[in-house]
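[1] Here is the input, now give the coordinates:
(2 chains)
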Amino acid sequence: MTVTLGRLFTTFFKLGLFTIGGGYAMIPLIERDVVHRYKWVSGDDFVDVLAVSQSAPGIFAVNMAIFIGYKLRGIKGAVAAALGNVLPSVIIILCIALLFNSFRENKIVNNIFLGLRPAVVALIAAPVFSVAKSARITYTNVWIPILAAALIVAFGVSPVYIILAAIIGGIVWGRIRNRLNS
Amino acid sequence: MIIFLELLYTFFKIGLVSFGGGYGMLSVIQGEVVTRHAWLSMSEFTDIVAISQMTPGPIGINSATFVGYTAVVNAGGTPLMGVIGSLTASFAVMLPSFIIMLAISRLFVKYTKSSAVNRVFVVLRPAVVGLIASAALLLMNSENYGDIDAEPVRFVASVAITIAAFVAFKVYRISPILILFLSGAFGSIFFSFF
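    Below is the predicted model:
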């Protein structure tokens, strides 16, 4: 069964348009369309898609689109799926951005954002605890997130360097553990 | 012209090093765009995150598109140049994904299951927890909460909103979109009186 590029594009366009709340909210919808409805990918392969998309850098939903598109139709498929996935976002955000500056001075809009900002802080703080659980934070490694946050907040270190340091640290630590084990 | 090249480079870098989902990426965007380049103020960044959460699509793409536009317009560009800035940022943030996923997509399945990669994630995942925490901490400032001495009512109300939103999300599992709509509605009424 061949999948047309148009079908890949429209499927991921629809997924991009109807999921609010980021990549993780998109997982069940992608699974429904890609695994159950069109049977493009088997259930087992979908687990691989998730694992690879999560461990690669970048935007999770876009990674999934690229991986599935590539699997089905090569590079053209990857481009069609990824473009379809982000196009609704780009169009909607551009419309809002173009209007936003003229609304910003409006008193009511300003008051709405005074209420929104503290809620945004809570919504960013909340995943700290759920991600901490899946990252298996214990008393032995809790210094890593604390040190990372302290360096960023108190010393203005860019998160880019924190990530690079964590990758290098992970490689070095892996080597040390290999030595100790052998 | 130079701002487009800087946007391209900055968002390519953001796409390349952002592991662990949209919230980890927000921290990297915040560090590069607000702290380092000062293209946006912290409150503008917060507003963009709010809008990115309430509109469809991945938060990373939404915020890259919005930041690209705002950065160019803040630097004195026309709205049309802002549109080019937003397309530049969203293209650049996706580019590393293409390169990485296409170059090693076959090897990658095996690669992600290898113990060497798992060991890297043993350190990387806890670091991402710290990144997300830092993003939240950096947003707890007087731009978003008001000055405690100059605007005590706004400050107390803002802290109350944060606590209520946190409890609503964590304890009562209310959808983030509903939480944002309610907070915005509360703000539009409360702050018109105080």
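[2] Distance check, the residue in chain A that chain B sits nearest to against residue A:51.
    Using Cβ to the nearest Cβ, the closest approach of chain A to chain B is made by residue A:115 at 1.8 Å. For glycine as for every other residue, the C-beta is placed from the backbone atoms N, C-alpha and C. Distance, residue A:115 to residue A:51, using Cβ to Cβ, to the nearest Å: 39 Å.
[3] again, but for residue B:29
    When residue B:29 is compared with residue A:51 (using Cβ to Cβ), they lie 25 Å apart.
[4] Those two: who's more crowded?
    Neighbours were counted for residue B:29 and for residue A:51 using other Cβ atoms under 10 Å in any protein chain shown; residue B:29 has more, 28 against 14.
[5] before we move on, back to that, would you mark the buried spots in the helix or strand hosting the residue of chain A closest to chain B?
    Residue A:115 is part of helix A:107-134 when elements are defined by DSSP states H and E. Using 16 or more other Cβ atoms under 10 Å in any protein chain shown as the test for burial, helix A:107-134 gives A:109, A:111-128, A:131-132.
[6] export the helix or strand that that helix is followed by as PDB, just CAs?
    With elements assigned by DSSP H and E, the helix or strand that comes after helix A:107-134 is helix A:143-155. Extracted C-alpha coordinates of helix A:143-155, given in PDB (Å, rounded to 0.1, in the frame of the first residue of the first chain):
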ATOM      1  CA  TRP A 143      22.200  17.500  43.000                       C
ATOM      2  CA  ILE A 144      22.100  17.500  39.200                       C
ATOM      3  CA  PRO A 145      18.800  19.400  38.700                       C
ATOM      4  CA  ILE A 146      19.600  21.700  41.600                       C
ATOM      5  CA  LEU A 147      23.100  22.500  40.300                       C
ATOM      6  CA  ALA A 148      21.700  23.000  36.800                       C
ATOM      7  CA  ALA A 149      18.900  25.300  37.900                       C
ATOM      8  CA  ALA A 150      21.300  27.300  40.200                       C
ATOM      9  CA  LEU A 151      23.800  27.800  37.400                       C
ATOM     10  CA  ILE A 152      21.100  29.100  35.100                       C
ATOM     11  CA  VAL A 153      19.200  31.300  37.600                       C
ATOM     12  CA  ALA A 154      22.000  32.600  39.800                       C
ATOM     13  CA  PHE A 155      24.900  32.800  37.300                       C
END
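[7] Check what contacts helix A:143-155 and list those residues.
    If you take Cβ atoms under 8 Å, 6 or more residues apart in numbering or on different chains as the criterion, helix A:143-155 is touched by A:132, A:137, A:157-159, A:162, A:166, B:27, B:31, B:123, B:126-127, B:129-131, B:133-134, B:137-138.
[8] between whichever helix or strand comes after that helix and helix A:143-155, how many degrees?
    Once the chain leaves helix A:143-155, the next helix or strand it forms, by DSSP H and E, is helix A:159-181. The directions of helix A:159-181 and helix A:143-155 differ by 150 degrees, with axes from the mean of the first three to the mean of the last three Cα atoms, to 10 degrees as the criterion.
[9] Are there helices or strands packed against helix A:159-181, and which ones?
    Secondary structure elements in contact with helix A:159-181, counted by 3 or more Cβ pairs under 8 Å, 6 or more residues apart in numbering or on different chains; DSSP states H and E, are helix A:143-155, helix B:2-17, helix B:21-29, helix B:115-139.
[10] most packed of the ones you listed?
    helix B:21-29 (a mean of 27; mean count of other Cβ atoms under 10 Å in any protein chain shown).
[11] Show me where chain A dips below the pLDDT cut-off.
    Residues of chain A that meet the criterion pLDDT under 70 lie in A:1, A:21-23.
[12] Outline the domain layout of it.
    Chain A is divided into the following domains under automatic domain parsing: A:5-104, A:122-181.
[13] Please apply the same query to chain B.
    Split by automatic domain parsing, chain B gives B:2-139, B:141-194.
[14] so which of those domains is the most packed in?
    Counting by mean count of other Cβ under 10 Å, domain B:2-139 has the highest mean neighbour count of the domains of chain B, with a mean of 22.
[15] Report the rounded mean pLDDT for it.
    Average pLDDT, domain B:2-139: 90.
[16] Return the residues in contact with the most centrally placed residue in chain A.
    Note on chain A: the residue nearest the mean C-alpha position is residue A:60, at 3.4 Å, using Cα atoms, centre = their mean. By Cβ under 8 Å, 6+ apart, residue A:60 lies in contact with A:22, A:23, A:24, A:26, A:53, A:54, B:21, B:22, B:58, B:60.
[17] Of those residues, which belong to helices?
    Counting by DSSP state H, the contacts of residue A:60 place A:23, A:24, A:26, A:53, A:54, B:21, B:22, B:60 in helices.
[18] Kindly calculate the angle that the host helix or strand of residue A:86 makes with helix B:2-17.
    Using DSSP H and E, residue A:86 falls within helix A:60-104. Calculated by the same axes, to 10 degrees, helix A:60-104 forms an angle of 140 degrees with helix B:2-17.
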